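Engineer: no letters, just coordinates:
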């Protein structure tokens, strides 16, 4: 085994972020209705529970970058 190879835990954050940015994973982080400054949902007017932040919700709308 090559000890210089990155571990799964070292690769996981970058891999997960690339899935979120590509809208393959739907979460609050890439939803148009998520206010990143105060970490609240503009639709619900509250901070979403952890499972919604991670897995998204039925009202998820892609955060279009323009």
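Structural biologist: All right, it came through fine. Keep in mind that what you see is a predicted model, and the values were worked out from it rather than measured.
Engineer: in this structure, which spans are strands?
Structural biologist: Per DSSP state E, the chain carries strands over the ranges 34-35, 40-41.
Engineer: where does the protein have low pLDDT?
Structural biologist: 1-2, 65-66 (pLDDT under 70).
Engineer: my read: residue 43 touches residue 59, true?
Structural biologist: Yes. Residue 43 lies in contact with residue 59 (C-beta atoms under 8 Å); the separation is 5.8 Å. For glycine as for every other residue, the C-beta is placed from the backbone atoms N, C-alpha and C.
Engineer: tell me which residues of stretch 49-66 come out buried.
Structural biologist: For stretch 49-66, a neighbour-count test (16 or more other C-beta atoms under 10 Å) marks 52-53, 56-57, 60, 63 as buried.
Engineer: distance between it and the chain's centre?
Structural biologist: 7 Å (C-alpha atoms, centre = their mean, to the nearest Å).
Engineer: what residues does the residue most central in space within the chain make contact with?
Structural biologist: Geometric centre of the chain, nearest residue: residue 29, 3.9 Å, by C-alpha atoms, centre = their mean. By C-beta atoms under 8 Å, 6 or more residues apart in numbering, the contact set of residue 29 is 20, 36, 53.
Engineer: quick one, phi/psi of the second one?
Structural biologist: The phi/psi pair for residue 36 (degrees, to the nearest 10) reads phi -70, psi -30.
Engineer: once you drop chain neighbours, what's closest to it?
Structural biologist: residue 29 (7.9 Å; C-beta to C-beta, 6 or more residues apart in numbering).
Engineer: same check, this time on residue 19
Structural biologist: Leaving out its chain neighbours, the residue that sits closest to residue 19 by C-beta to C-beta, 6+ apart is residue 25, at 4.3 Å.
Engineer: how close does residue 11 sit to residue 5?
Structural biologist: Distance, residue 11 to residue 5, by C-beta to C-beta, to the nearest Å: 10 Å.
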